[in-house]
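K.L.:
Sequence and predicted structure, then a few things I'm wondering about:
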Amino acid sequence: MREIVLINITGEDRPGLTAAITGVLASNGVNILDIGQAVIHGVLSLGFLVNIPEAEQVSAVLKDLQPLIANEGLQLRFDPITEDHYQRWVSEQSQKRHVVTLMSRQVTAHELQRVTSVISQHGLNIEQTDRLSGRVPLDAPTELSKSCIELRVVGELADIDALRTAFFNLAQELQVDIALQEDTLFRRNRRLAVFDMDSTLIEAEVIDELAKAAGVGDKVSAITERSMAGELDFKASFKERLALLQGLDVSVLDSIGASLRLTEGAEVLFAELKRLGYKTAILSGGFTYFAKQLQAKLGIDYVFANELEVVDGKVTGVAVEPIVDAQRKADLLTELARKEGLSLEQTIAVGDGANDLPMLAIAGLGVAFRAKPLVKKSAKYAITTLGLDGVLYLLGQRDRNGQG
C-alpha cells in the first residue's frame, strides 16, 4: 500500500544538495507530488511531498537519507499524510488566489503583522511570501531605500471591496502602500503602460512654472490645485489658466524645460518596461512641447498632450482643441490598446490627478501615484511611499531581475 509523506529538510545551503537528496529518493522509486524551497541568508528550507509506492519502503527511504543528512549537518523531518488530507489539498488548487503587495521605505515587523492580521480576518491563508526588493546595506539612508514584500494568499474572499477598504485605511495609518490583486495571467502579462506627465513623470506642474515666469504664479497654482483635487472641471480650469499666460515670451520655454526634474524611479521604470517589451505613452493635460522632451529622454513610444499656441514669439493664451482632459485620456488609452491588439486588462495607467481617474478605472492596473486624497481613495491601487519604479513590484518584478 502506498504511503504519502511530507519531508522537510533545513540547514546550511550549498550547491548540489537538491540533487543529492532527490538521488536518494529516486533510488527508492519515490514520486514527487509537490516541492518547495526557500533560502534566507544562506539557510535552506526544502520540502518534498512524496508518494512512496509501498508503505514498507518508508523506513528504507529514511535510512538512506540519514547518512546524507548527518554528513551535511542538516535537520530532517518526516510526516505521514493521509490520503483524505491529500485529496482535500488537491481540491483546493481551484480556489481563487490573490496577491498582496506591501511597499515602504523599510518594512517593519509591526507593518507586516498588521497586514497579515487583516488577511487572516478576511478568511485568507498565506500560501507564499517573497521579498521583491533588493538587498539593502544596513547603513543605507532610509529615505533612499525600497522595501517590498509580496504575499500570495488563497481562500474564498466574501467581500473584496471590504478587504480593499481595510487595506486602504491601514495604509493610511501606517504610511505604507498595500495593493490587493487577483493572481491572474494578466498580472504578469500587461503590454501597454500610459502615464500622466505633470506631478507623475516629472515633479512639477508645468503650467504653474510657466505662470511663475508670466508673473501670475499664485493665481494659476491655486486653480491647478483645485482642478487636480477634483473641485473644478479640468477643461474649464485649463482654459482659465492658459488665458492668464497670454503674452508670455516663448524664450522661457527652453529654460523651464531644462529645469524639470524626473520623478524618482522614472528612468528605472522605463528602462525595465522597454526591456520587457512594453509600449509606453504619455497622456497629459500638459503641453506637447515638454512631453516631447520626456519622450526623447525616456524612449516613450506615444505622446498625446495639449498644444501651446505661439504667435510672433508670444503665447496666445488660447486653447487648441481637442483638449486632453479626463475623458480624452480614457479614450486615448482605449484607442492605443486597440491599435496594439491588446485588451484593456493588459494595460497600465498611472496618474495623480482627478482628470486621471477615468483612465485609471478602465486600465487593467490603474495606479494613483503620489496622488491627491480623492484620487488615491477612488483608485484601486496607489503608490505614495516609493518612486515610480514601485509599479514594477505590482507586476511581480524583483529588483534582481531588472535594473532596480
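P.N.:
Received, thanks. Computed from a predicted structure; not experimentally measured.

K.L.:
Please identify the buried residues of stretch 7-19?
P.N.:
By neighbour count, with 16 or more other Cβ atoms under 10 Å as the criterion, the buried positions of stretch 7-19 are 7, 9, 11, 13, 17. (Each C-beta comes from the backbone N, C-alpha and C, glycine too.)

K.L.:
Pick out the most distant pair among the residues you listed.
P.N.:
Spatially, the most separated pair among the buried residues of stretch 7-19 is 7 and 13, at 16.6 Å (Cβ to Cβ).

K.L.:
What is the helix or strand that residue 334 is a member of packed up against?
P.N.:
Using DSSP states H and E, residue 334 falls within helix 326-339. Helices and strands touching helix 326-339, by 3 or more Cβ pairs under 8 Å, 6 or more residues apart in numbering; DSSP states H and E, are strand 192-195, strand 279-287, strand 302-306, strand 347-351, helix 357-362.

K.L.:
for the longest one, the distance to its chain's centre please.
P.N.:
The reference is to strand 279-287. Its chain's C-alpha centre and that of strand 279-287 lie 20 Å apart, by Cα atoms, centre = their mean, to the nearest Å.

K.L.:
go on, stretch 7-16?
P.N.:
Offset of stretch 7-16 from its chain centre (Cα atoms, centre = their mean): 32 Å.

K.L.:
And the average pLDDT for that stretch is what?
P.N.:
Across stretch 7-16, pLDDT averages out at 96.

K.L.:
Straight-line length of it, end to end?
P.N.:
In stretch 7-16, first residue to last residue: 18 Å (Cα to Cα, to the nearest Å).

K.L.:
going forward can the numbers begin at 108, since that is how I track them
P.N.:
Okay, using 108 as the starting number, the last item reads as stretch 114-123.

K.L.:
what about residue 270, how many neighbours?
P.N.:
Residues contacting residue 270 under the criterion other Cβ atoms under 10 Å number 21.

K.L.:
typo on my end, it should be residue 250
P.N.:
7.

K.L.:
Near the closest residue to it other than its chain neighbours, how many other residues are there?
P.N.:
What sits nearest to residue 250 in space, not counting adjacent residues and going by Cβ to Cβ, 6 or more residues apart in numbering, is residue 212, at 6.5 Å. Residue 212 has 17 neighbours, counted by other Cβ under 10 Å.

K.L.:
got the contact list for residue 212?
P.N.:
Going by Cβ atoms under 8 Å, 6 or more residues apart in numbering, residue 212 touches 249-250, 252-254, 492-493.

K.L.:
Now do the phi/psi pair for residue 245.
P.N.:
phi -60, psi -30 (degrees, to the nearest 10).

K.L.:
how many neighbours does the residue nearest to residue 463 when sequence neighbours are not counted have?
P.N.:
Spatially, and ignoring its direct neighbours in sequence, residue 463 is nearest to residue 303 (5.2 Å; Cβ to Cβ, 6+ apart). Using other Cβ under 10 Å, the number of residues around residue 303 comes to 28.

K.L.:
which regions of the stretch 408-511 of the chain lie under the pLDDT threshold?
P.N.:
For the stretch 408-511 of the chain, the stretches flagged by pLDDT under 70 are 508-511.

K.L.:
pLDDT score assigned to the residue in the chain sticking out farthest from the centre?
P.N.:
Computed with Cα atoms, centre = their mean, the residue of the chain farthest from its C-alpha average is residue 163, at 49.8 Å. As predicted, residue 163 sits at a pLDDT of 82.

K.L.:
Relative to residue 134, how far out is it?
P.N.:
Here residue 163 is placed at a distance of 16 Å from residue 134 (Cβ to Cβ, to the nearest Å).

K.L.:
all helices of the stretch 258-407 of the chain, in order?
P.N.:
Assignment of helices within the stretch 258-407 of the chain using DSSP state H, counting those that start in this stretch yields the ranges 267-281, 313-321, 324-335, 341-350, 359-366, 373-382, 395-405.
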